[in-house]
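Novice: Next one to model:
(2 chains)
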Amino acid sequence: MTRASSNFYCQKKMILLLFVLFSTLSFTPFPTEKGYDIGDVVSDFKLENIDGKFVSLSDFETAKGFIVVFTCNTCPYAVLYEDRIEALNKKYAKLGYPVIAIMPNNVTTKPGDSMEAMQQRAKEKGFTFPYLMDADQSVYPQFGATKTPHTYILKSTKNGPVVQYIGAIDDNYSDPALVKNRYVENAVDRLLKGEPIEIEKTKAIGCSIKI
Amino acid sequence: MKYVLLTFTLFIFCCKSDQKEPAPLEIYDFMGIEPFLNREDSKTYVVNFWATWCGPCVKELPHFEKIQKNYKDDVEVILISLDFPHQYKTKLQPFIQKHQLTSKVIVLDDPDMNAWIPKIDPDWDGAIPVTLIYNASKRVFYNRTFTYKELESELKTFLSP
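Specialist: Prediction:
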């Protein structure tokens, strides 16, 4: 009898503990060290653009969302996608989904990704999107980006930008003409129509982010 | 086909007689690569995904070479290159020659990456280098880089004492 009641007491304590644990979990504002998952709210950042100005997501007051691409000058995969990233911005910025490119590499390890090199590349390629530098390498870990290129589609909500898609731009890095599935375009098109996204996560080879 | 290849090789030889012609590359799509990831003999396989354009990959490559040399009876190292087709001749083959790679090098050319990356490991996000070590009884995927010592101590967990 005593054992039973102590068991009962234990269970009650356990339930209380679990309750406390869960309530803390649900109020944890930032996700785990693995970075954002689908449905997570993104914390805003303030990063320097190639024009010397600092850019935050909150600067885009009317944006319906964002196409955030972690990219760089030096990764061959990223280079193969440069024109496609520019095309995304041309098509979707006016529809409310601008491209925000972020260069996450340590420039001491990769001098080819320095601010000057980014400015030059943007000029050569005529980039019309902000090309920001994650100078203290604090933003890419929040996202959980591991490589370039690595894309996140965010949708503006009253709670802040919410992650809708993580992964590749499309299914053929080497030849845009042979692309069968335009993951990012399909996802943004669906968001613009207010429909659920078909493919929320994809994987692609990329260059690991240099620390 | 053999003769065509032979003629082609001869043609290259006669025109570039001062250069040693590199061994032809073995190029596969993912279906072609799969058997290399699923062999069922008595050896332990160390499979490394790399590319000449990937700095951390190139840095750890000598460790894999050394493993191949030191454990050649029980272990086969397979280096799967993800170099781009347009750089096979200009980057990959010269790299293999220059570093005199003794491990088996094969090339994976399959642009539909989302279709095959999860089949290699569900947790792999596609950044390289990554390494798969397996034998008939054990299989571990490593989303990391290695020093020689680290690689050797991991490998030893696969080899029977």
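Novice: Tell me where chain A has helices.
Specialist: Per DSSP state H, chain A carries helices over the ranges A:2-27, A:76-92, A:115-125, A:139-143, A:183-193.
Novice: List the residues that contact the most centrally placed residue in chain A.
Specialist: When CA atoms, centre = their mean is applied to chain A, the residue found nearest the centroid is A:Tyr152 (3.4 Å). Shown in contact with A:Tyr152 (CB atoms under 8 Å, 6 or more residues apart in numbering or on different chains): A:Tyr36, A:Val42, A:Phe66, A:Ile67, A:Val68, A:Val69, A:Phe143, A:Ala145, A:Val163, A:Tyr165, A:Ile166. Heads up, the C-betas are built off the backbone N, CA and C, glycines and all.
Novice: From chain B, how far out is the nearest residue to the fifth one once chain neighbours are set aside?
Specialist: The shortest distance from A:Val68 to any residue other than its chain neighbours is 4.4 Å, reached at A:Tyr152 (CB to CB, 6 or more residues apart in numbering or on different chains). The span separating A:Tyr152 from chain B equals 13 Å under the rule CB to the nearest CB, to the nearest Å.
Novice: same check, this time on A:Leu132
Specialist: The gap separating A:Leu132 from chain B is 21 Å, by CB to the nearest CB.
Novice: So which residues on chain B come close to chain A?
Specialist: B:53-56, B:82, B:84-85, B:111-115, B:117-118, B:124-129 (CB under 8 Å from any CB of the partner chain).
Novice: Among those, which ones are in strands?
Specialist: B:Ala127, B:Ile128 (DSSP state E).
Novice: And the buried ones among the residues of chain B next to chain A, selectable in PyMOL?
Specialist: To isolate the buried ones among those in PyMOL, judged by 16 or more other CB atoms under 10 Å in any protein chain shown, type:
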select buried, chain B and resi 53+54+55+56+82+84+111+112+113+114+117+118+124+125+126+127+128+129
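Novice: quick one: which of the residues of chain B next to chain A sit in helices?
Specialist: Of the residues of chain B next to chain A, the ones assigned to helices by DSSP H are B:Gly55, B:Pro56, B:Met113, B:Asn114, B:Ala115, B:Ile117, B:Pro118.
Novice: returning to what we had before: what subset of the contacts of A:Tyr152 is buried?
Specialist: A:Tyr36, A:Val42, A:Phe66, A:Ile67, A:Val68, A:Val69, A:Phe143, A:Ala145, A:Val163, A:Tyr165, A:Ile166.
Novice: For the last one, list the residues it contacts.
Specialist: Read that as A:Ile166. So, once contact is read as CB under 8 Å, 6+ apart, A:Ile166 ends up touching A:Tyr36, A:Asp37, A:Ile38, A:His150, A:Thr151, A:Tyr152, A:Ile153, A:Glu200, A:Lys201, A:Thr202.
Novice: B:Leu151 is in contact with B:Gln68, isn't it?
Specialist: No: the criterion here is CB atoms under 8 Å, and B:Leu151 misses it with B:Gln68 at 11.0 Å.
Novice: can you list residues touching both of the two?
Specialist: In contact with both B:Leu151 and B:Gln68: B:Val46, using CB under 8 Å, 6+ apart.
Novice: The two: which has the busier surroundings?
Specialist: Ranked by neighbour count (other CB atoms under 10 Å in any protein chain shown), B:Leu151 and B:Gln68 place B:Leu151 first, with 22 against 19.
Novice: Quick check: closest non-adjacent residue to that one.
Specialist: B:Leu151's closest residue in space is B:His63 (CB to CB, 6+ apart), at 5.1 Å.
Novice: and if you look at A:Ala204?
Specialist: Of all residues not flanking A:Ala204 in the chain, A:Ala168 sits nearest, at 3.6 Å (CB to CB, 6+ apart).
Novice: hmm, back to that, the residue nearest to B:Leu151 is in what secondary structure piece?
Specialist: If you go by DSSP states H and E, B:His63 is part of helix B:55-70.
Novice: can you dump the C-alpha coordinates of that helix into CSV?
Specialist: C-alpha atoms of helix B:55-70 as CSV (Å, rounded to 0.1, in the frame of the first residue of the first chain):
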residue,chain,number,x,y,z
GLY,B,55,39.6,21.9,-50.3
PRO,B,56,38.9,19.8,-47.2
CYS,B,57,38.5,16.7,-49.4
VAL,B,58,41.9,17.2,-51.0
LYS,B,59,43.5,17.8,-47.6
GLU,B,60,42.3,14.5,-46.2
LEU,B,61,42.9,12.4,-49.3
PRO,B,62,46.5,11.4,-48.3
HIS,B,63,45.1,9.7,-45.2
PHE,B,64,42.9,7.5,-47.4
GLU,B,65,45.9,6.7,-49.6
LYS,B,66,47.9,5.8,-46.6
ILE,B,67,45.1,3.5,-45.3
GLN,B,68,45.0,1.7,-48.6
LYS,B,69,48.8,1.2,-48.4
ASN,B,70,48.9,0.0,-44.8
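Novice: Need the residues that contact it.
Specialist: By CB under 8 Å, 6+ apart, the list of residues contacting helix B:55-70 from outside reads A:109, A:208, A:210, B:46, B:48-52, B:75-77, B:79, B:99, B:101-103, B:128-129, B:145-148, B:151-152, B:155.
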